[in-house]
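Chemist: Please work out how this folds:
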Amino acid sequence: MFVIAIANHKGGVAKTTTCLSLGGSLAERGMQVLLLDLDPQAHLTLSLGVRPEELRHTVAEVLLNEQSPVAISRETSVPGLDLAPASGELMVLDKVLYGRPGYEFRLRGALKQMSPIYDFVLIDCPPSFGTLTLNALTAAHLLIVPVQCEYYAWRSLRSMLELVTLVREKTNPTLRYRLLVTLFDIRSKIHRLIMEEMHRRFPEALFQTIIQVDTRLRESPAYGLPVVQYAPTTRAAAQYRALAEEVIRLTLFPTRTETVHHPIGQPVGV
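Modeler: Numbers count the residues shown, from 1 in each chain. The predicted structure is shown next:
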């Protein structure tokens, strides 16, 4: 079982969309996938047509050591794709857990106790650093950071890479990370300049796949489906399938842990 956390402190970078459509792409390839929603906003849960306020069991019970992820999970309309849903109670839990002995390892322990039902677990993290994100990164084999090629998104990379360094030092020394360019507009000069800079500064940590702007990709959560099921012949679907192939290769051919390079200042030419 390979655990992937998807996180960025900046909102609006297609974090939840990536969790949903990457999960759908992996399931399409015959993998058993669990999507685990750790965001108190529960956008991933909503994106699969589940109303958080109507739930009896959520991932909060997993972090309280009351239930296993399998016990609170539910099937979705996509074969091979299950959901461990969230609700607003996670906002309170984020504060309640802090300071309890071993609070950083709650999720890792719960996932290790699961029988090997799933090939992949994808965790949608909240857009902030707290006990929930720390639990996700402590449990993960790989962190995917969705990044837009825009100035403020570039600046937010610093805090994400500092978090990777902290987690490696404190709770998960083998955590690997990859940067995923999302919402890329090839017509934008700024996007192209920042993309060139990212290739220069992060050659070993950048996915080859780029997720471009696509209207159908924005629509898919409203229909409760990953883009590969909602609009299977679109450019976005092809790109998420390509991303799934890269992720599978990472699990089959592990590499050394990437060096963390903190971006300093602004990209050249911006």
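Chemist: So which elements touch the longest strand seen in the chain?
Modeler: If you go by DSSP state E, the chain has its longest strand at strand 176-184. Contacts defined by 3 or more CB pairs under 8 Å, 6 or more residues apart in numbering; DSSP states H and E place strand 176-184 against helix 15-28, strand 142-147, helix 151-170, helix 189-201, strand 206-212, helix 235-252. (C-beta placed from N, C-alpha, C; glycine too.)
Chemist: for that strand, the distance to its chain's centre please.
Modeler: Between the centre of strand 176-184 and the centre of its chain there are 10 Å (CA atoms, centre = their mean, to the nearest Å).
Chemist: So what are the sheet partners of it and their directions?
Modeler: Here strand 176-184 is paired, per DSSP bridges, with strand 142-147 (parallel), strand 206-212 (parallel).
Chemist: for the ones you listed, which one ends up most surrounded?
Modeler: When the strands paired with strand 176-184 are scored by mean count of other CB atoms under 10 Å, the highest mean neighbour count falls to strand 142-147 (a mean of 24).
Chemist: can you list contacts of that one?
Modeler: Strand 142-147 is contacted from outside by 2-8, 13-15, 18, 22, 137, 153-154, 157, 160, 164, 175-182, 198, 207, 211, 247, 250, using CB atoms under 8 Å, 6 or more residues apart in numbering.
Chemist: tell me the average confidence for the longest strand of the chain?
Modeler: Strand 176-184 shows a mean pLDDT of 91.
Chemist: tell me which residues in the worst-scoring helix or strand of the chain on mean pLDDT are buried?
Modeler: Across the helices and strands of the chain, mean confidence by mean pLDDT, DSSP states H and E is lowest for helix 189-201: a mean of 83. With burial defined by 16 or more other CB atoms under 10 Å, the residues of helix 189-201 counted as buried are 191, 194-195, 197-198, 201.
Chemist: would you list the strands paired with strand 176-184 in JSON lines and tack on mean pLDDT and distance to residue 101?
Modeler: Listed next are those as JSON lines, based on pLDDT from 0 to 100; distance: least, CB to CB, whole Å:
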{"stretch": "strand 142-147", "mean pLDDT": "95", "distance to residue 101": "25"}
{"stretch": "strand 206-212", "mean pLDDT": "93", "distance to residue 101": "37"}
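Chemist: Export those strands to a markdown table and append columns for distance to residue 48.
Modeler: As requested, the strands paired with strand 176-184 are exported to a markdown table (distance: least, CB to CB, whole Å):
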| stretch | distance to residue 48 |
| --- | --- |
| strand 142-147 | 19 |
| strand 206-212 | 19 |
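Chemist: For residue 99, find the nearest of those strands.
Modeler: Distance to residue 99, taken as CB to CB, is lowest for strand 142-147 among the strands paired with strand 176-184, at 24.0 Å.
Chemist: what bridges to the residue nearest the centre of the chain?
Modeler: Centre of the chain computed as the mean C-alpha position; nearest residue by CA atoms, centre = their mean is residue 6, 1.7 Å away. According to DSSP bridges, the partner residues bridging residue 6 are residue 124, residue 144.
Chemist: re the thing from before, out of the strands paired with strand 176-184, which is closest to residue 77?
Modeler: The nearest among those, by CB to CB, is strand 206-212 at 22.9 Å.
Chemist: Helix or strand next in line after that closest one, which one?
Modeler: Downstream of strand 206-212, the first helix or strand assigned by DSSP states H and E is helix 215-219.
Chemist: Can you name the element that comes right after that following helix?
Modeler: On the C-terminal side of helix 215-219, the nearest following helix or strand under DSSP H and E is helix 227-230.
Chemist: and that following helix, what does it pack onto?
Modeler: helix 15-28, helix 215-219, helix 235-252.
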